[in-house]
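[1] Quick one, fold the following:
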Amino acid sequence: MENKIRAEESLKRIAALADTLEAEEGVCPVSRIELVTWIANQLSDLDVLIAAGQEPPPALRKLYAEWIRVA
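    Here you go, the predicted model:
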């Protein structure tokens with residue numbers, strides 16, 4: 001049960017990051033699930049943990065801006 005709660009909390013945090021990135025950097029031209037998956041992969045690659053309510057790290061903002069330009 002604890003793993004389920006942690007997974008749900010992680011998804012909520014990633015969804016909040018997606019909302020922030022789309023609002024501040026531009027709307028993503030792919031599906032929401034692709035965006036959430038992309039963010040999760042980038043956070044893993046950057047070895048970054050996100051706290052609730054935390055702003056997207058600058059490196060993620062830069063990667064997102066580049067990604068939506070070519071997507």
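[2] Check which element follows the longest helix anywhere in the chain along the chain.
    Longest helix in the chain by number of residues, with DSSP state H as the criterion: helix 2-25. Downstream of helix 2-25, the next assigned helix or strand under DSSP states H and E is helix 32-46.
[3] averaged over its residues, what pLDDT does that next one have?
    Over the span of helix 32-46, the pLDDT mean works out to 93.
[4] so how far is that helix off the chain centroid?
    5 Å (Cα atoms, centre = their mean, to the nearest Å).
[5] and whichever helix or strand comes after it, which residues are buried?
    Remark: after helix 32-46, the chain's next helix or strand is helix 58-70, criterion DSSP H and E. Using 16 or more other Cβ atoms under 10 Å as the test for burial, helix 58-70 gives 60-61, 63-64, 67-68. For the C-beta atoms, the positions are set from N, CA and C on the backbone; glycine is no exception.
[6] tell me the contacts of residue 20?
    Residue 20 makes contact with 55-56, according to Cβ atoms under 8 Å, 6 or more residues apart in numbering.
[7] please redo it, this time with the cut-off set to 10 Å
    Counting by Cβ atoms under 10 Å, 6 or more residues apart in numbering, residue 20 touches 54-56, 60-61, 64.
[8] and if you look at residue 67?
    Listed by Cβ under 10 Å, 6+ apart, the contact set of residue 67 reads 21, 25, 28-30, 35, 38-39, 42.
[9] What is the least confident helix or strand in the protein?
    helix 2-25 (a mean of 89; mean pLDDT, DSSP states H and E).
[10] tell me the angle of it relative to helix 32-46?
    100 degrees (axes from the mean of the first three to the mean of the last three Cα atoms, to 10 degrees).
[11] And the residue sitting nearest the centre point of the chain, how far from residue 20?
    By Cα atoms, centre = their mean, the chain has its centre lying nearest to residue 39, at 3.5 Å. Look at residue 39 and residue 20: by Cβ to Cβ, to the nearest Å, they are 10 Å apart.
[12] next one: residue 42
    For residue 42, the distance to residue 20 - Cβ to Cβ - is 14 Å.
[13] list residues touching both of those two?
    Counting by Cβ under 10 Å, 6+ apart, the residues touching both residue 42 and residue 20 are 56, 60, 64.
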